[in-house]
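Chemist: Below are the sequence and a predicted model; questions follow.
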Amino acid sequence: MTELRALTPHSSIPAEQSGRDRRQKRLLRTFLPELVQLERQLAEAPEFVQTTVAGRASVQDMDLPIYRVDLGSARPDVPVLLMVGGVHGLERIGSQVVTAWLESLLARLGWDGHLAALLQKVHITVLPILNPGGMYLNQRSNPNGVDLMRNAPITAQDRSAFLLGGQRFSARLPWYTGDPEQGMEAENLVLESVIQELLPGRPFSVALDCHSGFGWQDQIWFPYAYRRRPMRRIGSVMALKLIWEKAYPNHSYHFEPQSAHYLTHGDLWDYFYKQVNRENQGVFLPLTLEMGSWRWIRKRPRQLLRLDGFFNPLVPHRHQRVLRSHLTWMDFLLNAAASHRNWLPSQDEESMLREAAIMHWYRDTR
């Protein structure tokens, strides 16, 4: 492992710095336990699991690491699975789900020969906490007040939802896009750097970004959010949906483009999808898991008295259920990436699936 910084002060460190480190460690245990748990998890990972600090986020005189975890084949021609969590600091459950899946994966590597063989055919990259500063502050945005999911250089082609679709009035209001002249925020530049290094030239890659939000059920969203017309690879999304539903017919996810709900400015995955597929002959499918938080609130209405109660399950048994309920979907994406040649449509099949997708998702927008 490289650059895995321990939070325990070394005996040779001056007393003033040692005291500062102890205070930081205490603050992180209180306000960012997800980062402490992740560091412990990575410290015990097998040697072939590569951990690096992809960037840092500054908050209250602290530089918080943005960890990147890589495992699987190092060959540049194998497919990639990219897992991302913690884009919105308030939606801690997204980061916790990614970390739970990573923990399961690392534990299985000690005995699961089938998994070891699978990892010879695919590469996995995980960014469990992209926005540690926002998570530390228990806010949706990063420490600069910018909503990272509204910060990419892409503009909605039609009227977006007021405020919700991204606003430039003030960082004190939610969904602030940031100043376009300043470019993307540091956290998004980290993600962009990882994507540009990792995905070009690959035959297939899929990303899953885990969030929670208002809704009665869990949803899988895919681009676009900036327009209501379908993406170029919509037939491949339909193919992925079909093999998932055949393998797991009793699932509870609802697949749809984000534009079915509202349009937004600056959507990260719209931007990266267009960027990667413009330069690449392969297929890149970015997906977003939106965990429906209304169910948790309905079963425990007093969660409304806490800001984090809007977006996270607070009852322990319900929290544990959420952590385990998405493991099957995430394992499916890993297997689908490794076996993409067995289901990814040919050119003729793509045309047929595209028409089916348009009838299924875009019939009312034609």
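Modeler: Good, I have the coordinates. Note that this is a predicted model, so its numbers are computed, not measured.
Chemist: Only the C-alpha atoms, please, for the helix or strand of the chain with the lowest mean pLDDT, written as CSV.
Modeler: In the chain, the helix or strand scored least confidently by mean pLDDT, DSSP states H and E is helix 15-31, which has a mean of 78. Written as CSV, here are the backbone C-alpha positions of helix 15-31 (Å, rounded to 0.1, in the frame of the first residue of the first chain):
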residue,chain,number,x,y,z
ALA,A,15,4.3,17.5,21.5
GLU,A,16,2.4,20.3,19.9
GLN,A,17,1.9,18.4,16.7
SER,A,18,1.2,15.2,18.6
GLY,A,19,-1.6,17.0,20.5
ARG,A,20,-3.0,18.3,17.2
ASP,A,21,-3.0,14.8,15.8
ARG,A,22,-4.8,13.4,18.8
ARG,A,23,-7.4,16.2,18.5
GLN,A,24,-7.8,15.4,14.8
LYS,A,25,-8.2,11.7,15.5
ARG,A,26,-10.9,12.5,18.2
LEU,A,27,-12.8,14.8,15.8
LEU,A,28,-12.7,12.2,13.0
ARG,A,29,-14.0,9.5,15.3
THR,A,30,-16.9,11.8,16.2
PHE,A,31,-17.7,13.5,12.9
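Chemist: Return the distance of it from the chain's centre.
Modeler: 29 Å (Cα atoms, centre = their mean, to the nearest Å).
Chemist: between the helix or strand immediately after it in the chain and helix 15-31, how many degrees?
Modeler: For helix 15-31, the succeeding helix or strand toward the C-terminus, using DSSP states H and E, is helix 33-43. Here helix 33-43 points in a direction 110 degrees away from that of helix 15-31 (axes from the mean of the first three to the mean of the last three Cα atoms, to 10 degrees).
Chemist: Burial check on residue 76, number of neighbours?
Modeler: The tally of other residues near residue 76 (other Cβ atoms under 10 Å) stands at 11. Glycine gets a C-beta too; all of them are placed from N, C-alpha and C.
Chemist: Can you pull the phi/psi pair for it?
Modeler: Torsion angles at residue 76 (phi, psi; degrees, to the nearest 10) stand at phi -80, psi -10.
Chemist: ok, it touching residue 201?
Modeler: Yes - using Cβ atoms under 8 Å, residue 76 is in contact with residue 201, at 6.1 Å.
Chemist: So which bits of stretch 252-260 are buried?
Modeler: Within stretch 252-260, the residues that count as buried by 16 or more other Cβ atoms under 10 Å are 253, 255, 257-259.
Chemist: And stretch 129-141, by the same measure?
Modeler: Residues of stretch 129-141 classed as buried: 129-137, 139-141 (neighbour count, 16+ other Cβ under 10 Å).
Chemist: just checking, which of these belong to helices?
Modeler: Of the buried residues of stretch 129-141, the ones assigned to helices by DSSP state H are 132-137.
Chemist: ok, residue 212 to residue 261 distance?
Modeler: Using Cβ to Cβ, to the nearest Å, residue 212 is found at 15 Å from residue 261.
Chemist: residue contacts, residue 191?
Modeler: If a contact means Cβ atoms under 8 Å, 6 or more residues apart in numbering, then residue 191 has 84, 127, 130, 268, 272 as its contacts.
Chemist: Please, which helix or strand holds it?
Modeler: Per DSSP H and E, residue 191 falls inside helix 186-198.
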